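[1] fold the following and give me the result.
(one chain, ligands or ions: 1)
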Amino acid sequence: MKSLRLILSSEQFPSNNNDPPKRYSPPPGCLPDEDTAKICRPQHVTPGGEFIPEDLPSQQESPSSVKSSEYGASYKGSLNSVRTSSTSLMHNSDYRVLNSPAGTFPRTKTNNISSETALNSANRTFPRSKETGSFMPSFYGDKSNGSFQRNQNGDTSSSTCSSGSGMSSPSFNEFYDKLYQVRNKMNENSLSSPQPPRHFKKEIAIGEGGFGKVFKCYDQDTGRELAMKEVKLCNKNKETSKEVKALMMEIKLLKGIEHQRIVQYFGCMATEDSLCIFMEYMAGGSVRKEIIKYKGLSENVTKRYTKQILEGLAYLHSFVIVHRDIKGANILKDPSGNVKIADFGASKHVQAVCTSMGLRTATGTPYWMAPEVINGRPYGRRADIWSLGATIVEMLTTNPPNHDLEAMAAIFRTATELPKYELPKSISQTSRDFIKLCFTRDPKFRPTANELLNEPFVRDVL
Ligand SMILES: Nc1ncnc2c1ncn2[C@@H]1O[C@H](COP(=O)(O)OP(=O)(O)OP(=O)(O)O)[C@@H](O)[C@H]1O
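    Numbers count the residues shown, from 1 in each chain. You can find the predicted model right below:
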């Protein structure tokens, strides 16, 4: 087992892409000891794959009272480590096995990624390969698809497991119990959360993503305006129905996530030929549009948005939800110029629906993605922090790091090197330091959202 642990830890960051394939799973028949099992245990609690075991706060915080010093881990000293590339304080284990498709990947090869059009078409979400869960060539093998459930005895268990047995340690059950509580809390919240419209009028299309169009809608019973993401259902089959059901379940639960920095889901509806997801209408459109319109944002606006994104992330993370696709296009503005995080939790299901219909949903790029995500390695909430760093670069310069590279080249660069970007000369050292913190290569040393909220870059922003 010791040797297995060594393999596991040596896998964290490949120094060389030519390294031979490595696997997370122990050899057949091998029972994992507790540490190994911790890493190999199927980690996703929901079919959505957003709940990923890691160090939960000893007392799960109330979703409405996210406080700093969450999750026990501290990154203190990591700014120094960023600056000096030397050692940092150790965090508690922050490894998770990611089982589900996630993130972004190139659909088409663009010859000129630096062109606005190329980047726009390339910044959509893409399901990774089911087989590998990785954006890198499939070196790393094994991914499980754990889904969280309680058995009749009230024990928590996972429906599938990549490494087999050894899963009955009390601490695992304790851990899954905590997640179960979080899930229940969401469930409770969702009962009192806003409902989808019963009668509505579809208005103009306000945007289009990789999976369908987004329309403005008018609720004919209440007079409120909403946004509706419509995914066309064609070539339906059994698998499609299953995925649609899973999506609807997930949205029902995600309705329980209510926060001023999060775009509210209202519900979901499936008709014969389409699937509609109702959410809060954000009249200001996406930050991506603002970036393009104004050819980048000022440092002050960037700080303000960053603080608000961090507040939203801290809240999502308190539910152990990893967004996995933080980027300008998923940050939406309300009429007063405040931003909220959109598109969390459901995109994987939407991808699954489209994939089940044989649609090529592959879009997007990995420019915002953390190295551990690209490598198909265990990842968690800190992957969102890396993407936030890329989003800050996007806000300040109009493009994420490595945008001058073709998507595949960018994948390799992110997997092996620090991201390349050039900030305007006028940008302060405080901002530069903050971005570097987000780009802390080792997720163990990367700060959490709550920790970042105490950084000078955002601390005093009103
Ligand atoms: N709730 C909303 N309110 C207002 N506009 C929205 C809302 N949701 C989405 N939009 C607009 O629709 C556009 C497309 O959104 P969508 O989530 O479908 O795609 P995306 O995030 O740009 O790409 P992908 O989902 O493929 O990664 C957004 O960029 C935004 O301009």
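[2] please verify my assumption that Ala346 contacts Lys252.
    No: counting by CB atoms under 8 Å, Ala346 stays clear of Lys252, with 10.7 Å between them. For every residue, glycine as well, the C-beta is placed using N, CA and C.
[3] who has more neighbours out of those two?
    Legend: neighbour count by other CB atoms under 10 Å for Ala346 and Lys252, higher for Ala346 (21 against 17).
[4] contact partners for the more buried one?
    Gly48, Leu247, Glu250, Ile251, Leu254, Tyr265, Ile277 (CB atoms under 8 Å, 6 or more residues apart in numbering).
[5] which of these are buried?
    Buried by 16 or more other CB atoms under 10 Å: Gly48, Leu247, Glu250, Ile251, Leu254, Tyr265, Ile277, out of the contacts of Ala346.
[6] make TSV out of those residues and add secondary structure and distance to the ligand.
    Shown next, in TSV, are the buried ones among the contacts of Ala346 (DSSP: H, G, I helix; E, B strand; the rest coil; distance: CB to the nearest ligand atom, whole Å):
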residue	secondary structure	distance to the ligand
Gly48	coil	15
Leu247	helix	14
Glu250	helix	15
Ile251	helix	13
Leu254	helix	13
Tyr265	strand	9
Ile277	strand	9
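[7] in these, find the pair that's most separated.
    Farthest pair in those (CB to CB) is Gly48 and Ile277. Separation: 13.3 Å.
[8] and this protein, which residues reach the ligand?
    Proximity of the chain to the ligand (CB under 6 Å from any ligand atom) is limited to residues 124-125, 206-211, 214, 227, 229, 263, 279-282, 285-286, 289, 329-330, 332, 342-343, 347, 363-364.
[9] put the buried members of these into a ChimeraX selection.
    Command for ChimeraX, covering only those of the residues of the chain next to the ligand found buried under the criterion 16+ other CB under 10 Å:
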select :124,125,206,207,209,210,211,214,227,229,263,279,280,281,282,286,289,329,330,332,342,343,347,363,364
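[10] so of the residues of the chain next to the ligand, which ones are in strands?
    Ile206, Gly207, Glu208, Val214, Ala227, Lys229, Met279, Glu280, Gly285, Ser286, Leu332 (DSSP state E).
[11] OK, contacts around the fifth one?
    Just to be clear, that refers to Ala227. The contact partners of Ala227, taken as CB under 8 Å, 6+ apart, are Ile206, Val214, Phe215, Lys216, Cys217, Phe278, Met279, Glu280, Tyr281, Met282.
[12] nearest residue to the second one in space, ignoring adjacent ones along the chain?
    Excluding its sequence neighbours, the residue lying closest to Val214 (CB to CB, 6 or more residues apart in numbering) is Gly207, at 4.3 Å.
[13] that neighbour reaches Gly285, doesn't it?
    Yes: the pair Gly207 / Gly285 is scored as a contact, 7.4 Å apart, by CB under 8 Å.
[14] got a list of contacts for stretch 415-431?
    By CB under 8 Å, 6+ apart, stretch 415-431 touches 14-17, 136, 296, 299, 302-303, 371, 374-375, 389-390, 392-393, 396-397, 399-402, 413, 432, 435, 439, 441, 456-457.
[15] one more pass at 6 Å, please.
    Outside stretch 415-431, the residues within contact range by CB atoms under 6 Å, 6 or more residues apart in numbering are Met136, Glu299, Pro371, Ile374, Asn375, Val393, Leu396, Pro401, Asn402, Phe439, Pro456, Phe457.
[16] among those residues, which ones are buried?
    The neighbour-count criterion (16+ other CB under 10 Å) marks Met136, Glu299, Pro371, Ile374, Asn375, Val393, Leu396, Pro401, Asn402, Phe439, Phe457 among the contacts of stretch 415-431 as buried.
[17] out of those residues, which sit inside helices?
    Using DSSP state H, the subset of these located in helices is Glu299, Pro371, Ile374, Val393, Leu396, Phe457.
[18] assign a three-state SS to the residue lying closest to the last one once chain neighbours are set aside, would you?
    I take that to be Phe457. In space, and not counting its chain neighbours, Phe457 is closest to Phe434: 3.7 Å by CB to CB, 6+ apart. When classified by DSSP: H, G, I helix; E, B strand; the rest coil, Phe434 comes out as helix.
[19] and Phe434, how far is that from Met408?
    Per CB to CB, to the nearest Å, Phe434 is found 29 Å from Met408.
[20] settle it for me: which of those two has more neighbours?
    Legend: neighbour count by other CB under 10 Å for Phe434 and Met408, higher for Phe434 (25 against 16).
[21] pairing partners for Leu226 in the sheet, please.
    In this entry, Leu226 is beta-bridged to Cys217, Glu280, by DSSP bridges.
[22] got a pLDDT number for it?
    At Leu226, the predicted lDDT confidence score is 95.
[23] cool, and Gln195?
    Looking at Gln195, the pLDDT reads 79.
[24] same check on Val263?
    96.
[25] not counting its neighbours along the chain, what's nearest it?
    Ala342 (4.0 Å).
[26] residues contacting that neighbour?
    With contact set as CB under 6 Å, 6+ apart, Ala342 has these partners: Val263, Asn330, Leu332.
[27] quick one: it from Val461, how far?
    With the distance defined as CB to CB, Ala342 ends up 21 Å from Val461.
[28] ditto for Met279
    26 Å.
[29] cool, and Pro371?
    Pro371 sits 28 Å away from Val461, going by CB to CB.
[30] got it, and His349?
    34 Å.
[31] before we move on, the earlier item: out of the buried ones among the contacts of Ala346, which comes closest to Ile385?
    Nearest to Ile385 among the buried ones among the contacts of Ala346: Gly48, at 20.0 Å, using CB to CB.
[32] what pLDDT is listed against the closest one?
    On the pLDDT scale, Gly48 gets 28.
[33] contacts for stretch 455-462, please.
    Defining contact as CB under 6 Å, 6+ apart, one finds that stretch 455-462 is touched by Lys303, Arg304, Thr306, Lys307, Thr430, Ser431, Phe434.
[34] buried ones in it?
    Buried-residue list, stretch 455-462, by 16+ other CB under 10 Å: Glu455, Phe457, Val458.
[35] got phi/psi on the first one?
    Main-chain dihedrals, Glu455, degrees, to the nearest 10: phi -80, psi 150.
[36] and the gap between it and Ala370?
    From Glu455 to Ala370 the distance is 19 Å (CB to CB).
[37] do the second one as well
    Spatial separation of Phe457 from Ala370 under the definition CB to CB is 19 Å.
[38] and Val182, which helix or strand is it part of?
    According to DSSP states H and E, Val182 maps onto helix 170-192.
[39] the helices in the stretch 351-462 of the chain, which residues?
    371-374, 382-397, 407-416, 429-438, 449-452, 456-459 (DSSP state H, counting those that start in this stretch).
[40] restrict the longest one to CA atoms and write it as CSV.
    Below are the C-alpha coordinates for helix 382-397, written out as CSV (Å, rounded to 0.1, in the frame of the first residue of the first chain):
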residue,chain,number,x,y,z
ARG,A,382,-9.9,25.3,-5.3
ALA,A,383,-10.2,24.6,-9.0
ASP,A,384,-12.7,27.4,-9.1
ILE,A,385,-10.1,29.7,-7.6
TRP,A,386,-7.7,29.1,-10.5
SER,A,387,-10.5,29.8,-13.0
LEU,A,388,-11.2,33.0,-11.1
GLY,A,389,-7.6,34.0,-11.7
ALA,A,390,-8.1,33.4,-15.4
THR,A,391,-11.3,35.4,-15.3
ILE,A,392,-9.5,38.3,-13.6
VAL,A,393,-6.9,38.2,-16.4
GLU,A,394,-9.8,38.1,-18.9
MET,A,395,-11.4,41.2,-17.3
LEU,A,396,-8.2,43.2,-17.3
THR,A,397,-6.9,42.2,-20.7
